[in-house]
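Asker: here you go, sequence then predicted model.
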There are 2 protein chains.
Amino acid sequence: MSTIGFAPHDHKSCVAGTLHKAEAHCASQGLRLTPVRRRSLEILLAEHRALGAYDLLGILAKEGLGAQPPVAYRALDFLVGAGFAHKIEALNAYIACAHLGTCHMPAFLICRSCKSVAEADTAPAQGRLGDAAREAGFVIERTVVEAEGICPQCQDAAA
Amino acid sequence: MSTIGFAPHDHKSCVAGTLHKAEAHCASQGLRLTPVRRRSLEILLAEHRALGAYDLLGILAKEGLGAQPPVAYRALDFLVGAGFAHKIEALNAYIACAHLGTCHMPAFLICRSCKSVAEADTAPAQGRLGDAAREAGFVIERTVVEAEGICPQCQDAAA
DNA sequence: CAGGTATTGATATGTTATAACATTATAGCT
DNA sequence: AGCTATAATGTTATAACATATCAATACCTG
């Protein structure tokens, strides 16, 4: 159960590697990683934290890739649909998927202090939530699992 | 593990009983269940589904209890803070707590067809998410656990 | 290259949420 | 009762998040 996000790592290769995987996935699935979409994914990967749609839009706009909200929302819809990014509902913000290819039904740990977000690959729908759903006869299609709290770094900083 | 929400029940007494419990809780905690707050809770309880802040505001406004957004948001903040209501992040909407007094860290089952919401009293932070957090050294303060899917009634209706 | 589908461009608007500051009510104290 | 600190409400304005709509263009495929 790896929890990517609160540990230092080789960020440059993490970005490049994920972009490469995304390209391969698009090629194999007949999806089109257009310039705006590609650049949006790149930005989310580079930031490595949850970004609001308008934050993304601001960056895209500076680069001449579109200046209206639909540009950002369309790119984000595509990335989320393709599994390259996730929406953090508790923040109304978006983050690149940290486990491209493996993780669906992700769970997030959100630091309220530094705003960093870690993606855990637990499968909550198979745990107690799944039990409760089965018992009630409810069929789960999508889960939102987000925990807000304090990350290790911020705990140390406060101590 | 009761999952209130997808079963018929005596709704009138459920509303009255919960209001009564809320009053008692406020009295014992020195909280003030003012007219707007009380009425907001009543409305959420009566609707028995997630209501947007502006839905609530519309009802309050018709009754002369305030016409501006902050009125609704303040009432909702109070109710959420007191544990009388929860925010459903996936819907940006609010629902009365179905287990007043017992449930913190609730989990929700949201039907995308009929929009009904059931509240399960599983304790997700103690499950796999808690394991992942502990492993990462993350301290959880609040959890958002929501599953979207199809409730039993809507499955039957579709069959 | 014609025709359908996906994508982008652009304008406008809808929805959700909060900042800021003035005013009024309440509770506790003397 | 009168004073004072705090909590709650009234009000205006605006910030932040998201989508509908329609026109124009790019792209695949037969």
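Answerer: Okay, I see it.
Asker: what's the closest non-adjacent residue to residue A:78?
Answerer: Using C-beta to C-beta, 6 or more residues apart in numbering or on different chains and skipping the chain neighbours, the partner closest in space to residue A:78 is residue A:37 (5.2 Å). For every residue, glycine as well, the C-beta is placed using N, CA and C.
Asker: again but with residue A:39, I slipped
Answerer: residue A:65 (5.9 Å).
Asker: swap in residue A:100?
Answerer: Counting by C-beta to C-beta, 6+ apart, the nearest residue to residue A:100 once its immediate chain neighbours are dropped is residue A:21, at 4.9 Å.
Asker: that neighbour - how many residues pack around it?
Answerer: Counted with other C-beta atoms under 10 Å in any protein chain shown, residues neighbouring residue A:21 total 14.
Asker: was I right to think residue A:35 contacts residue A:63?
Answerer: No - in this structure residue A:35 lies outside contact range of residue A:63 using C-beta atoms under 8 Å: 9.8 Å.
Asker: in chain A, which spans are helices?
Answerer: Assignment of helices within chain A using DSSP state H yields the ranges A:11-29, A:35-47, A:53-62, A:69-82, A:128-136, A:152-158.
Asker: is the shortest one positioned near chain B?
Answerer: Yes - for helix A:152-158 and chain B, the contact criterion (C-beta under 8 Å from any C-beta of the partner chain) is met by A:152, A:155.
Asker: chain center to that helix: distance?
Answerer: 23 Å (C-alpha atoms, centre = their mean, to the nearest Å).
Asker: now it - C-alpha only, CSV.
Answerer: Coordinates of each C-alpha in helix A:152-158 appear next as CSV, following Å, rounded to 0.1, in the frame of the first residue of the first chain:
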residue,chain,number,x,y,z
PRO,A,152,4.2,14.6,8.7
GLN,A,153,6.2,17.6,7.5
CYS,A,154,3.6,20.1,8.9
GLN,A,155,3.5,18.1,12.2
ASP,A,156,7.2,18.5,12.5
ALA,A,157,7.1,22.1,11.6
ALA,A,158,4.6,22.8,14.4
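Asker: tell me the confidence at the residue of chain A found nearest DNA strand C?
Answerer: Per C-beta to the nearest atom of the strand, residue A:34 is where chain A lies closest to DNA strand C, at 3.0 Å. Predicted confidence (pLDDT) for residue A:34: 97.
Asker: quick check: phi and psi at it.
Answerer: phi -70, psi 170 (degrees, to the nearest 10).
Asker: follow-up on the earlier one: in TSV: the helices of chain A, plus distance to residue B:53.
Answerer: As requested, the helices of chain A are exported to TSV (distance: least, C-beta to C-beta, whole Å):
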stretch	distance to residue B:53
helix A:11-29	37
helix A:35-47	29
helix A:53-62	20
helix A:69-82	22
helix A:128-136	26
helix A:152-158	30
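Asker: including distance to DNA strand D, could those go into JSON lines?
Answerer: Shown next, in JSON lines, are these (distance: least, C-beta to the nearest atom of the strand, whole Å):
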{"stretch": "helix A:11-29", "distance to DNA strand D": "11"}
{"stretch": "helix A:35-47", "distance to DNA strand D": "9"}
{"stretch": "helix A:53-62", "distance to DNA strand D": "4"}
{"stretch": "helix A:69-82", "distance to DNA strand D": "4"}
{"stretch": "helix A:128-136", "distance to DNA strand D": "23"}
{"stretch": "helix A:152-158", "distance to DNA strand D": "21"}
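Asker: before I go, just wanted to say thanks for your time.
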